[in-house]
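Student: Need coordinates for the following:
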Amino acid sequence: MLVFPQLSTGANAQYPLVRVDANRTVINTLQDGTTVKFEDVSASRARWELRLDSLDEAERQAVEQLFLATEGELTAFTLLDPVTNLLLWSEDFTKSVWIFDPLIDATPGAADPFGGTAGWQITNAGGASQKVAQIIAGPAGFEYCFSVYVRGTGSVKLMRSTDTTTFALTSMWQRIFTAGSVSTTGDTFQVAIALDAGGQAEVFGPQLEAQPAAGPYRRSRGDGGVVKVRFESDRLSSTAVGLDRHSSVIRLISVE
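Tutor: Predicted coordinates for the structure are as follows:
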């Protein structure tokens, strides 16, 4: 799997960075002068400008090796978008991307921590631990942070593949998270929210990011942050700014 590399910090970008979303509207003018407008979905594109400063030699080589493997702008690769929730449908557990154990139930319309009703009440009616999960098309070995807002009684578990962390629930909203490198191998892994037997919790805003800590919550729909991109140019340049320190500007464009 070709994927944009993470830096030694555990992130795959530095701030500030730029993402620009370009959309096209098609206008059809009829004979009587009226117009019909619609979005040309196939023409939508996103562009990223990643300014990477003070890279060490290993980080510089990782970017260069990806550039050589893709033959510049010829071949697409995966980007874990640093400004997007990697999960799909973060506020809609009815979507098929969410996988439920048999005795887990999710009810919409619960309160959320921002004063709305976008939360979900998750209930485990079984006699053993049960979970709701999503499979991510991201490489193992990277650092990820999985976070969610929760409140309730008892405890809840957050899982990143085989890594599990238990949190005590309270009557107040809290944002809990688990972070670190995913220890399994392969190009996919699973994240999950698990409740003990008979457990119940109010849940809002699950989020996955390819970095060592949680960033601001970003709502996602059917366009999560695991995207196919290519280099925008067949030229890759890097400037030495010090001993074992390099800077580069990487421009990427989406291909889907």
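Student: my read: residue 256 touches residue 228, true?
Tutor: Yes - counting by CB atoms under 8 Å, residue 228 is a contact partner of residue 256 at 4.9 Å. Using the backbone N, CA and C atoms, a C-beta is placed for each residue, glycine as well.
Student: The residue nearest to residue 70 when sequence neighbours are not counted bridge partners, please.
Tutor: The shortest distance from residue 70 to any non-neighbouring residue, by CB to CB, 6 or more residues apart in numbering, is to residue 77 (5.6 Å). For residue 77, the beta-bridge partners are residue 229 (DSSP bridges).
Student: Looking at residue 77 now. What's its pLDDT?
Tutor: If you check residue 77, the pLDDT there is 96.
Student: Let me see the contact set for it.
Tutor: Contacts for residue 77 (CB atoms under 8 Å, 6 or more residues apart in numbering) come out as 2-4, 66, 69-70, 228-230.
Student: mind redoing it with 7 Å?
Tutor: 2-4, 66, 70, 229 (CB atoms under 7 Å, 6 or more residues apart in numbering).
Student: gap between the most centrally placed residue in the chain and residue 184?
Tutor: By CA atoms, centre = their mean, the chain has its centre lying nearest to residue 86, at 1.4 Å. Taking CB to CB, to the nearest Å as the measure, residue 86 falls 16 Å from residue 184.
Student: What of residue 34?
Tutor: For residue 34, the distance to residue 184 - CB to CB - is 57 Å.
Student: Compare the two (neighbour count), which wins?
Tutor: residue 184 (13 against 8; other CB atoms under 10 Å).
Student: Regarding the closest residue to residue 220 other than its chain neighbours, what is its secondary structure?
Tutor: Spatial nearest neighbour of residue 220, chain neighbours left out: residue 85 (4.0 Å); criterion: CB to CB, 6+ apart. Three-state call for residue 85 (DSSP: H, G, I helix; E, B strand; the rest coil): coil.
Student: Check whether residue 85 really touches residue 207, as I assumed.
Tutor: Yes - the pair residue 85 / residue 207 is scored as a contact, 4.9 Å apart, by CB atoms under 7 Å.
Student: Are there residues contacting both of these two? Which ones?
Tutor: residue 218.
Student: show me the contacts for the residue lying farthest from the centre of the chain.
Tutor: Computed with CA atoms, centre = their mean, the maximum C-alpha offset from the centroid of the chain is found at residue 32, amounting to 47.0 Å. For residue 32, the contact set (CB under 7 Å, 6+ apart) is empty.
Student: repeat for the one 3 residues further on
Tutor: Contacts for residue 35 (CB under 7 Å, 6+ apart) come out as 27-29.
Student: Now do the strands in the stretch 51-200 of the chain.
Tutor: Counting by DSSP state E, counting those that start in this stretch, one finds strands in the stretch 51-200 of the chain at the ranges 77-80, 99-100, 104-110, 119-124, 130-136, 143-152, 155-160, 163-168, 174-181, 189-195, 200-209.
Student: Burial check on residue 241, number of neighbours?
Tutor: Residue 241, neighbours per other CB under 10 Å, totals 11.
Student: Which helix or strand contains it?
Tutor: strand 239-242 (DSSP states H and E).
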